[in-house]
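>>> Fold the following and give me the result.
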Amino acid sequence: MITDTKRLIVVLGPTACGKTHLATLLASRINGQIISADSRQIYRRMDIGTGKDLTEYNVGGKAIPYHLIDIAEAGYRYNLYEYCRDFDIAMSKIAEVGDTPILCGGTGLYIEAVLDGYKMVEVPRDASLRRSLDGKSLEELRQILARYKTLHNTTDTSTLARAVRAIEIADYYERKGIGRRCNERPTREYTIFGIDIDRDTRRRRISERLQARIDEGMIDEVVRLLADGLHPDDLTYYGLEYKYITQYVVGDISFDEMYRSLETAIHRFAKRQMTWFRGMERRGFDICWLPYDIDDEEKLSRIVARIS
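Okay, here's the model as predicted:
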């Protein structure tokens, strides 16, 4: 059994590669607890579209403890500062009982933030700045964001709301003279494992999983969220499934348009995830890649051999 609670094990990879399945098997094997690194599994009632797959957290009748899933209400806009804070809380809870923390997910920004040993600063809303940005196009906002030297997240410009928030953060950091590595957090030992899935298999699994989730009731999930009072813009903010299905439900696009656009968007998202992970390697992170097509037992054996 692994007893060094200071060492964090990371399981990362693109969407539909089997991260959660492997991480829960590993947790069962080494008395581990899962910390989610998925920016949308944070939200309650957003289950199918975010792929929580909570049944995976029961391995052979053993419940695997998990953290940072279902901790905020749908409609809330959780941020990186909050994630770093909540990650530290989860790590402390796991250390108290002597289990091994396993960080599992595909949100590269979250993973890199907690591994890189820096603490985000909470940035307040700036009403004056927001008024000055009101009415600008997404492209204009991106051009404004590009002028700043210190960027919070250069990829976070997929919607007007995200772009405005990114500018707000960048402006605050620049005015306050805050660097990306301000308020350093205690560094931890960690070992990173990635699931290396080839492009064709990844695309096939994404397409199969999309159809399965539609069949499971993903559209009904969005309908219920809207019926419960969430504004369409709030769901669109979360992107991918919630963006395109909301557009379909409110009548902006047809089912076929929704399905084709969503499938394409998920494929592109997976590609961006891999680009981020390869970028992490260039930035000095050592990722031990496990071939997707080897069986679970072989993956587990390689992980245990590496961390023992």
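>>> Now for this structure, the helix or strand with the poorest mean pLDDT.
When the helices and strands of the chain are compared on mean pLDDT, DSSP states H and E, helix 160-176 comes out lowest with a mean of 83.
>>> Please identify the buried residues of the helix or strand that comes right after that helix?
As assigned by DSSP states H and E, the chain's next helix or strand after helix 160-176 is strand 189-196. Neighbour-count burial for strand 189-196, counted by 16 or more other CB atoms under 10 Å, picks out Tyr190, Ile192, Phe193, Gly194, Ile195, Asp196. (Each C-beta comes from the backbone N, C-alpha and C, glycine too.)
>>> The fourth one: what's it in contact with?
Gly194 sits next to Val11, Leu12, Gly13, Phe277, Ile287, Cys288, Trp289, Leu290 when contact means CB atoms under 8 Å, 6 or more residues apart in numbering.
>>> With respect to Val164, which of those is nearest?
Closest approach to Val164 among those (CB to CB): Phe277, at 27.8 Å.
>>> Now do the contacts for that closest one.
Phe277 touches Leu12, Gly13, Pro14, Gly108, Gly194, Ile287, counting by CB under 8 Å, 6+ apart.
>>> Adding distance to Leu160 and pLDDT, write the buried residues of strand 189-196 out as TSV.
As requested, the buried residues of strand 189-196 are exported to TSV (distance: CB to CB, whole Å; pLDDT from 0 to 100):
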residue	distance to Leu160	pLDDT
Tyr190	36	95
Ile192	34	98
Phe193	37	98
Gly194	33	98
Ile195	34	98
Asp196	36	98
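>>> Dump those residues to JSON lines, plus distance to Met91.
Converted to JSON lines, those look like this (distance: CB to CB, whole Å):
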{"residue": "Tyr190", "distance to Met91": "11"}
{"residue": "Ile192", "distance to Met91": "16"}
{"residue": "Phe193", "distance to Met91": "18"}
{"residue": "Gly194", "distance to Met91": "21"}
{"residue": "Ile195", "distance to Met91": "23"}
{"residue": "Asp196", "distance to Met91": "27"}
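>>> Go through the residues you listed and say which is closest to Ile48.
Of all those, the one with the least separation from Ile48 (CB to CB) is Ile195, at 21.9 Å.
>>> List the buried residues for the least confident helix or strand of the chain?
Of the residues in helix 160-176, those buried (16+ other CB under 10 Å) are 160, 162-173.
>>> Take the residues you listed and lay them out in CSV including distance to Lys271.
Conversion of the buried residues of helix 160-176 to CSV gives the following (distance: CB to CB, whole Å):
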residue, distance to Lys271
Leu160, 24
Arg162, 19
Ala163, 21
Val164, 26
Arg165, 24
Ala166, 21
Ile167, 26
Glu168, 28
Ile169, 26
Ala170, 25
Asp171, 30
Tyr172, 31
Tyr173, 29
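>>> Go through the residues you listed and name the one nearest Ala27.
Nearest to Ala27 among the buried residues of helix 160-176, with distances taken as CB to CB, is Arg162, at 32.6 Å.
>>> so where's the chain uncertain?
Flagging of the chain using pLDDT under 70 yields the residue ranges 1-6, 118-121, 149-158, 177-187.
>>> Tell me where it has helices.
Using DSSP state H, the helices found in the chain span residues 19-30, 80-97, 108-115, 127-133, 138-146, 160-176, 199-216, 218-227, 232-236, 240-249, 255-282, 296-307.
>>> For Val59, which of those is the nearest?
For Val59, the closest of these is helix 19-30, at 4.0 Å, according to CB to CB.
>>> what separates the closest one from the chain centre, distance-wise?
Per CA atoms, centre = their mean, to the nearest Å, the displacement of helix 19-30 from the mean C-alpha position of its chain is 18 Å.
>>> between it and strand 189-196, how many degrees?
130 degrees (axes from the mean of the first three to the mean of the last three CA atoms, to 10 degrees).
>>> quick one: helix 19-30 to helix 296-307, angle?
60 degrees.
>>> how about helix 19-30 as CSV, C-alpha atoms only?
Provided in CSV are the C-alpha atoms of helix 19-30 (Å, rounded to 0.1, in the frame of the first residue of the first chain):
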residue,chain,number,x,y,z
LYS,A,19,-9.5,8.5,-17.2
THR,A,20,-12.1,8.0,-14.5
HIS,A,21,-12.3,4.3,-15.0
LEU,A,22,-8.5,3.9,-14.5
ALA,A,23,-8.3,6.4,-11.6
THR,A,24,-11.1,4.6,-9.7
LEU,A,25,-9.4,1.2,-10.2
LEU,A,26,-6.2,2.7,-9.0
ALA,A,27,-7.9,4.2,-6.0
SER,A,28,-9.3,0.8,-5.1
ARG,A,29,-5.9,-0.8,-5.4
ILE,A,30,-3.9,1.7,-3.3
